[in-house]
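[1] 3D model of this:
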Amino acid sequence: MRRLLLQDLLVLAVGMVALILGISWHEQQLALRQQADARAAASLRQLDEALRSDLEDVQEQGDVIRTWWASGLMDPTLPAQAARLLAPLLDSQQAVTSLNLARADGRSLLFLKMGGAWSLRELRPNGTGARIRWMRLDAQGRILHTEAWTPMDYDPRTRPWYQLGAAAQAPLWTKAYPFYTTHDPGITFCLPIRDAHANLAGVAALDFMLDDLTSAVWEAQPTAHSRCVVVDDQNRALILPKEDAFISQTARRAAFLRPVSATFLGQMAPLLGQALPSGFRFFHYQGSGYIGRVRTLQGLPGLHWRLVLMIPEEDLMGPARRRLLGLLLLSLATLGLAVWRIRRLADRAATPLSRLESIAEALGQPELPPPVDSDIREIRRLDGALRQAQADLTEQTLLRRQLEHSQRMETVGTLAGGIAHDVNNQLAAILGQLHLCRELLPEGHAVLTRLERAETATRRCAQTTKALLAFSHQSRPELKRLNLNTLVEETSVILERLLGGRIRLTLHLDRALPAIRGDAVQLEQVLMNLAVNARDAMPEGGTLELGTGQNDAGEVLLEVQDSGTGIPEAALPHLFEPFFTTKEQGKGTGLGLAMVFGIVKAHQGRIQAENPPGGGALFRITLPAAGRADDSTPPAPLQLRAETRLAGVRVLVAEDESLLRDMLADALTMARAQVTAVPDGAMAWRAWQMATFDLVLSDHRMPDCTGYELLQRIRATGSTVPFILVSGQGLEGFEAALARDSAVRLLPKPFEMPRLMQLMGEMLANRSAP
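    Just a heads-up that it's a prediction; the model follows:
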């Protein structure tokens, strides 16, 4: 390899000479372009000042009118007075073609310049319509002639300029639009008039013709073939170049208020994108080079204009380019020789080395590129060493992935369980406080309905925490008999708002569908997660179909199909793994489908994903049908009246959450029980040793001593006192041992006070029974 490199040193030296020549040519080109940019910048700066001067004159004129109206010096309901004040003022600004003074009650005055003279139109509302009359004015604003009143179906308050001004707190310009009277393109300066209490008195609007700014645009064109145009924030042409041999008057007028890309100015479209850091942009259009610059017109409220200047490269750089052409040809010849020699080197060494680099980069991947075929011995040895390393890395990668999957599942389970425990404590406290409020209010009180709604919302939140616990395998879903069709129909109402207006949601439900046993909240969460994934796969809109049915085995099917981009085939085997996502970084957590998989599995069901013919993605969920033996009447709501059963009962309460502990103490005290409440298991054990209790109510997860450990200590003393163990995470691992103790009951969080009171009453009754 060293010999090959030494043989090509000479060719590389020649290439360096060509490179130096190329750099010199590039620097000269850059200098020429910078000079051209400076010239274009000066032209745009001059145009900016000219446009700003005319528009600021109109703004100053509008401020004068606004001051006169607001101070009462000018009253739009007095046409003669307004004409004498405003006609001389309007004559001072040639670009203003009309002035509208529209009051909030619908009356208005319109000053319109026709044939070099001003006319005045007075409009008064008349029932469902309006009537108008025209007045001809002289130069001093005196009324020379007044026409008769005529009807007119027009209300100035419906015009865009009035609505824009009425909604604004300060004067501002409108976007360009065709005027109502002349149909010529223009803009309007709107001035809201408000009284001392900030109430709208009316809107003053000065119309400004865009054609009156064309002379300033033409003067900004530095060369004969350059083009200068003013566009708005939607890239619509507002002020255009003058006619020449390439631009007809018809084409010029047709381009007003149309996107630049759709007119004869299409070559300017590249300038309307992002500008280069140097401030100008060089581009080609239809075989010709152009130098362009864009400047934003700032400081005028409501106007978002850009001044665009395009100069043919030939106008500025043609002569200098021809002088450099000879040097360029020489450089190209030299570089051609160097490329030829480098290509020969690449055929023997560079290409095999590049393939070795690809193999090295692919280490650890499922497959490596094909072996390198080279007559260089060192390259063949490197190829063999890389392939041996691949074999070692494959085994290590497999073991690492298995470990990472296990760690991810453990992390998710710990996180979900911790969140659910904390939330369940708060929900139990909320349910308890709501119950206490209901107990204190008389029957039929108006607040009871609102408290019941709050309890319903809290129970729904509790179901959500149970879904988290089911995902982390720390809780089992509460399976109840339900109609899957009803669940889909109710969830579709939420999904329509979630999907937005661009996605059509359709339902295909089998009305003969048998019932299933499931957790309604968890199955609703499954539909929500799948719908969100479908929405993200259809950014331009589409169709989402939800369907139900049965398979040949009598199982119930739930299908969710979208018309989106589908699922990559390589992603299908990993779709339900935690933290796996096909979305861009930062847009997906990789937990949505993993949670769906956990919920379906907890319902003893199956889920599979596929790409059906015709595009999109299809998720098919299979759930077992509920048998006839599952038919049961739901239990009636519990009614608490436990005062007589708990009166005088000594209860030890151990709960580390202060809000829940205080609520339990209040509720049991109201039931006439004697309550001792402590914040942890260790203090509960000390209280047990110092007093006698008829029942123990303990949380499981507590510092120093858990609820289960407290139970073991009490049972070690030989006591069989009734013991209620409360947990917000489930008690897998302890259930078998607890089931053997007939005086122990498990109560999941969040619980309702009627359920707790009933359970305490039953346990005390069983203990006193012979």
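
[2] Flag the shaky bits of the stretch 501-650 of the chain, pLDDT-wise.
    Low-confidence segments of the stretch 501-650 of the chain (pLDDT under 70): 579-580, 582-591, 628-644.

[3] could you pull out the helices for it?
    With DSSP state H, counting those that start in this stretch as the criterion, the stretch 501-650 of the chain has helices at 520-536, 592-602, 643-646.

[4] Any chance of CSV for the ones you listed, columns distance to residue 620 and mean neighbour count?
    Just so you know, the C-beta spots here come from the backbone N, C-alpha and C atoms, and that holds for glycine as well. Formatted as CSV, the helices of the stretch 501-650 of the chain follow (distance: least, Cβ to Cβ, whole Å; neighbours: other Cβ atoms under 10 Å):
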stretch, distance to residue 620, mean neighbour count
helix 520-536, 11, 21
helix 592-602, 11, 22
helix 643-646, 51, 15
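
[5] Reformat those helices as TSV; add distance to residue 83.
    Listed next are those as TSV, based on distance: least, Cβ to Cβ, whole Å:
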stretch	distance to residue 83
helix 520-536	60
helix 592-602	70
helix 643-646	88
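
[6] Identify the residue spatially nearest to residue 738, adjacent ones excluded.
    residue 744 (5.1 Å; Cβ to Cβ, 6 or more residues apart in numbering).

[7] can you count the residues close to that neighbour?
    Using other Cβ atoms under 10 Å, residue 744 is surrounded by 20 other residues.

[8] For it, name its beta-bridge partners.
    Residue 744 has these beta-bridge partners by DSSP bridges: residue 723.

[9] So it versus residue 650, what's the distance?
    To residue 650, residue 744 is 18 Å away according to Cβ to Cβ, to the nearest Å.

[10] Same check on residue 557?
    Computed with Cβ to Cβ, the distance linking residue 557 and residue 650 is 55 Å.

[11] can you check residue 362 too?
    The value you get for residue 362 to residue 650, if Cβ to Cβ is used, is 73 Å.

[12] any idea how far residue 609 is from residue 569?
    From residue 569 to residue 609 the distance is 11 Å (Cβ to Cβ).

[13] same question, residue 561
    Distance check for residue 561 against residue 609: by Cβ to Cβ, it reads 11 Å.

[14] Give the residue from these two that has the larger number of neighbours.
    Ranked by neighbour count (other Cβ under 10 Å), residue 561 and residue 609 place residue 561 first, with 22 against 17.

[15] pretty sure that one contacts residue 545?
    Yes: assessed by Cβ atoms under 8 Å, residue 561 is found in contact with residue 545 at 4.7 Å.

[16] Helices along the stretch 251-400 of the chain, start to end?
    313-345, 351-361, 377-440.

[17] and residue 136, which of the helices of the stretch 501-650 of the chain is closest to it?
    helix 520-536 (62.6 Å; Cβ to Cβ).

[18] show me where pLDDT drops low in the stretch 201-350 of the chain?
    Applying pLDDT under 70 to the stretch 201-350 of the chain picks out residues 242-253, 262-287, 316-324, 327, 331, 335, 338-339, 341-350.

[19] ok, which stretches of it are strands?
    Listed from the start of the chain, the stretch 201-350 of the chain has strands (DSSP state E, counting those that start in this stretch) covering 227-231, 237-239, 281-285, 288-297, 305-312.

[20] Any idea what residue 194 is bridged to?
    Here residue 194, judged by DSSP bridges, has bridge partners residue 200.

[21] That one: neighbouring residues, count only.
    15.

[22] which residues touch it?
    Residue 194 makes contacts with 70, 200, 201, as judged by Cβ atoms under 8 Å, 6 or more residues apart in numbering.

[23] quick one: it from residue 86, how far?
    In this view, residue 194 and residue 86 are 20 Å apart by Cβ to Cβ.

[24] same deal with residue 288?
    To residue 86, residue 288 is 51 Å away according to Cβ to Cβ.

[25] Repeat that for residue 221.
    36 Å.

[26] and what of residue 524?
    Distance from residue 524 to residue 86, by Cβ to Cβ: 66 Å.

[27] got it, and residue 562?
    Taken as Cβ to Cβ, the span from residue 562 to residue 86 is 62 Å.

[28] This completes my enquiry, with thanks.
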